[in-house]
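Peer 1: Following is a predicted model, sequence given first.
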Amino acid sequence: MPPNTMNGPVSRPLRSALFVDFDNIYSGLASLDRAAATRFATDPGRWLGWLEYAIQRTDDLVGGEPARRILLRHCYLNPQVFAEFRTGFQRAAFRVIDCPPLTRQAKTSTDIHMVMDVLDALGHATHYDEFIILSGDADFTPVLLRLRAHDRRTIVLAVGPAAIAYTNAADLRLSERDLFEELLEREEDGPADVLDRVIAAFEDEAARHGSLDVQAQVAVLRNFDEFRASTNWLGYGGHLRLAQHVCGASPRLALRVVGDGAFFIDHVRQPSPTAPPQRNEAGDQDFRAREVLCELLVQAPNGLEMVALATSVRRRLGLQAPREGGWFGRNSLQAWLADVLPAGWTIVRRSGRQPLVAPPGFVADDSELEHEFPECEDRLQRQIRQATELPALQPDQYRRLFEAIAVDLHIAPYDFSQTGKAVREASGISRATISFVLRGIAQAGLDLRAVGDAATARQLADAFADNVLRMCEAARLELTAEEVEAVRAWVAGRWDGGE
């Protein structure tokens, strides 16, 4: 009898079958970031390794083996449009199935081909433990239910919105944000020592939170494929020994062990001048940025919102493509500020408002501090969220998000991944929510690359509201005229006037 793959552990890599709806995934990626789509199409070996090693299973393997072996690899594409990408998939050991248009409306037979091949694989002598479907097409929902009935594990990856019934029918839905990071943000990583990247990640997180407990440390480490594939803490034999090495190699980190044996990684603030800095080997641009920062803080005795500070520094320095090289050698604005803020200045996150760079002695009212986003109790809001997976933000939070996006478009060209990072830093809103909103704006037909720095927060809000209403229509959620206005007032935020 074949092994039970869902209700009991398998002490070997899972035997997996992969089915790629190329047209669906490529088009979804291209609508968000052309570079990501091109890398997906031309270098499938890159994200295959991500699937095999980085996507975890519920039980642990011994010996650093991959979580799965993708034995069956099928790619379905329209040869009249995407023939140029066949070679890359063939070199990655895919069987490429041509699915040309069969109707005047350019409808292909991809879904039928995929369904037949999935059912064939279900009865294959190999007995595949796991089926991975890369598509956002809800037509595959019955197939997922059939696989579940046969006790097979299922994974789906959908770029953009997907029917809730479809994603809930799978055991795991992969995050498109993780795919973007694999395709783009790790592009420069190469064979560099993984410890250097781990140290940099700990420095950024410690600068952001001040101190990292054991759970937070593991959360940082799990962002690295090498750690997830390792069984000996990256060669250091244990968590504490790895933490000791990380802190010993970085002047910005300190290891703190408490009486009960627990240990923390703390951020160490570097000595920061209270007067304009002296020129040093950090370079002219970094030197000038520190001067500008000091000038801005002197002029803001009550503090300065982070977005305003970032915009002022960028504009004073005349930076047109600010993300090239990051923040003067740091990965983020917060990491740079952690190094250069005068003693006593801190970053305070406030509910419904921009993060504040606060002076010494600043005390925030508890109602201002950032808490969990409250759940929407309104019946209409709850109904819409259940039908569309719309983020549970309040109008002021949506407005803060659209303002942060508009500000970033004024200081940098639009890039799905990098814009999402910058807006997360500026607004304090989660990357998943920001990605959802950026996709919605694009699906409403507003091209952020073309609009660029001419975009206004109100324009972004209106486009997103249009897409939310289309999602409600697609979910067969009938709204009255009053409810439509209520939805617009909710997701487009509150506005006092023209913008």
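Peer 2: Perfect, thanks for sending it.
Peer 1: What are the contacting residues of stretch 472-481?
Peer 2: Residues from elsewhere that reach stretch 472-481 (CB atoms under 8 Å, 6 or more residues apart in numbering): Q383, I384, A387, T388, L469, V487. For glycine as for every other residue, the C-beta is placed from the backbone atoms N, C-alpha and C.
Peer 1: could you redo the last one with a cut-off of 10 Å?
Peer 2: By CB atoms under 10 Å, 6 or more residues apart in numbering, the surrounding residues in contact with stretch 472-481 are 161, 163-164, 380, 383-384, 386-390, 469, 471, 483-487.
Peer 1: What of stretch 101-112?
Peer 2: Contacts of stretch 101-112 (CB under 10 Å, 6+ apart): 19-24, 76-81, 97-100, 116, 135, 137, 139-140, 143.
Peer 1: and if we set it to 8 Å?
Peer 2: So stretch 101-112 is in contact with D21, D23, N24, Y76, N78, Q80, C99, P100, D137, D139, F140, going by CB under 8 Å, 6+ apart.
Peer 1: Averaged pLDDT, it. What do you get?
Peer 2: For stretch 101-112, mean pLDDT is 79.
Peer 1: Can you give me the end-to-end span of it?
Peer 2: 13 Å (CA to CA, to the nearest Å).
Peer 1: Tell me the buried residues in that stretch?
Peer 2: Residues of stretch 101-112 classed as buried by neighbour count (16 or more other CB atoms under 10 Å): T108, S109, T110, D111.
Peer 1: How far away from the center of its chain is stretch 15-25?
Peer 2: 21 Å (CA atoms, centre = their mean, to the nearest Å).
Peer 1: Count the residues that sit near P360.
Peer 2: By other CB atoms under 10 Å, 9 other residues sit near P360.
Peer 1: sec struct for it, please.
Peer 2: Here P360 is recorded as coil under DSSP: H, G, I helix; E, B strand; the rest coil.
Peer 1: filter the contacts of stretch 472-481 to the buried ones?
Peer 2: Buried, going by 16+ other CB under 10 Å: 161, 163, 380, 384, 387-390, 469, 471, 483, 486-487, out of the contacts of stretch 472-481.
Peer 1: between those residues, which is nearest G445?
Peer 2: For the buried ones among the contacts of stretch 472-481, the residue nearest G445 by CB to CB is L469; the value is 13.2 Å.
Peer 1: got the contact list for the spatially most central residue of the chain?
Peer 2: The centre of the chain sits closest to R177, judged by CA atoms, centre = their mean, with a distance of 3.5 Å. Contact analysis of R177 by CB under 8 Å, 6+ apart lists G420, R431, A432, S435.
Peer 1: Can you name the residues that contact the closest residue to the second one other than its chain neighbours?
Peer 2: Once flanking residues are discounted, R431 sits nearest to R424: 5.1 Å by CB to CB, 6 or more residues apart in numbering. When the contact criterion is CB under 8 Å, 6+ apart, the partners of R424 are S430, R431, I434.
Peer 1: any idea how far R424 is from Q418?
Peer 2: 11 Å (CB to CB, to the nearest Å).
Peer 1: before we move on, what about L134?
Peer 2: Counting by CB to CB - L134 and Q418 are separated by 24 Å.
Peer 1: Also A201?
Peer 2: Relative to Q418, A201 is positioned 17 Å away (CB to CB).
Peer 1: ditto for L293
Peer 2: 22 Å.
Peer 1: in a strand, that's where P101 is, yeah?
Peer 2: No: assessed with three-state DSSP, P101 is coil; it does not lie in a strand.
Peer 1: can I get the CA coordinates of the helix or strand the residue nearest to R431 falls within in PDB?
Peer 2: Using DSSP states H and E, R424 maps to helix 416-427. Output of helix 416-427 as PDB, limited to C-alpha atoms (Å, rounded to 0.1, in the frame of the first residue of the first chain):
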ATOM      1  CA  PHE A 416       6.800  46.500  -7.100                       C
ATOM      2  CA  SER A 417       9.300  45.000  -4.800                       C
ATOM      3  CA  GLN A 418      11.300  48.000  -3.800                       C
ATOM      4  CA  THR A 419       8.300  50.300  -3.600                       C
ATOM      5  CA  GLY A 420       6.700  47.800  -1.200                       C
ATOM      6  CA  LYS A 421       9.800  47.800   1.000                       C
ATOM      7  CA  ALA A 422      10.000  51.500   1.100                       C
ATOM      8  CA  VAL A 423       6.300  52.000   1.900                       C
ATOM      9  CA  ARG A 424       6.500  49.300   4.600                       C
ATOM     10  CA  GLU A 425       9.200  51.200   6.200                       C
ATOM     11  CA  ALA A 426       7.400  54.500   6.000                       C
ATOM     12  CA  SER A 427       3.900  53.400   7.000                       C
END
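Peer 1: Buried residues, the next helix-or-strand element following it. List them.
Peer 2: As assigned by DSSP H and E, the chain's next helix or strand after helix 416-427 is helix 431-443. Using 16+ other CB under 10 Å as the test for burial, helix 431-443 gives T433, I434, S435, F436, V437, L438, R439, G440, I441, A442, Q443.
Peer 1: Need the residues you listed in JSON lines (columns: distance to A289).
Peer 2: Compiled in JSON lines, the buried residues of helix 431-443 are given as follows (distance: CB to CB, whole Å):
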{"residue": "T433", "distance to A289": "30"}
{"residue": "I434", "distance to A289": "26"}
{"residue": "S435", "distance to A289": "29"}
{"residue": "F436", "distance to A289": "33"}
{"residue": "V437", "distance to A289": "30"}
{"residue": "L438", "distance to A289": "28"}
{"residue": "R439", "distance to A289": "33"}
{"residue": "G440", "distance to A289": "34"}
{"residue": "I441", "distance to A289": "31"}
{"residue": "A442", "distance to A289": "32"}
{"residue": "Q443", "distance to A289": "37"}
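Peer 1: So W50 versus I132, what's the distance?
Peer 2: Applying CB to CB to W50 and I132 gives a distance of 12 Å.
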